[in-house]
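**Student:** okay, sequence plus prediction incoming.
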Amino acid sequence: MPHGKPAGIPCVQLLPDYRCALFGRPERPAVCVTLRPMESMCAATREEAMAFLTVLEIATAPLSAIRL
């Protein structure tokens, strides 16, 4: 995704089993390479993890991207 991934949209490199198609490859984006997942990000269920990631996306979104 050359201009970044919009919040709420799955990455185009996400495989059906939720693995990254670019993992370990040189073209993997730097933000993905440097991300260090924590237990709190993964949570106990996929639904909890997605809720946590939604909060992160909102918290880090540029003000122009926030719709009230």
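**Tutor:** Structure received.
**Student:** could you use CA atoms for every contact and neighbour count after this?
**Tutor:** Fine.
**Student:** and the host helix or strand of Val55, how far from the chain's centre?
**Tutor:** Val55 is part of helix 46-60, with elements assigned from DSSP states H and E. How far helix 46-60 lies from its chain's middle: 9 Å, per Cα atoms, centre = their mean, to the nearest Å.
**Student:** by contact count, what packs against it?
**Tutor:** With contacts taken as 3 or more Cα pairs under 8 Å, 6 or more residues apart in numbering; DSSP states H and E, helix 46-60 sits against helix 39-42.
**Student:** tell me the spacing between Leu35 and Ala21.
**Tutor:** Distance, Leu35 to Ala21, using Cα to Cα, to the nearest Å: 16 Å.
**Student:** one more: Leu63?
**Tutor:** 31 Å.
**Student:** report the residue spans of this structure with pLDDT below the cut-off.
**Tutor:** 64-68 (pLDDT under 70).
**Student:** try it again at 90.
**Tutor:** Residue ranges of the chain with pLDDT under 90: 1-11, 18, 29-32, 35-43, 46, 49-50, 52-68.
**Student:** for Cys20, what are phi and psi?
**Tutor:** With angles defined as degrees, to the nearest 10, Cys20 sits at phi -90, psi 130.
**Student:** could you find the closest non-adjacent residue to it?
**Tutor:** The shortest distance from Cys20 to any non-neighbouring residue, by Cα to Cα, 6 or more residues apart in numbering, is to Leu14 (5.0 Å).
**Student:** quick one, phi psi at that neighbour?
**Tutor:** Dihedral angles (degrees, to the nearest 10) for Leu14: phi -80, psi 120.
**Student:** that one contacts Ala21, doesn't it?
**Tutor:** Yes: contact criterion Cα atoms under 8 Å: Leu14 and Ala21 qualify, at 6.2 Å.
**Student:** shared neighbours of these two, anything?
**Tutor:** Common neighbours of Leu14 and Ala21, using Cα atoms under 8 Å, 6 or more residues apart in numbering, do not exist here.
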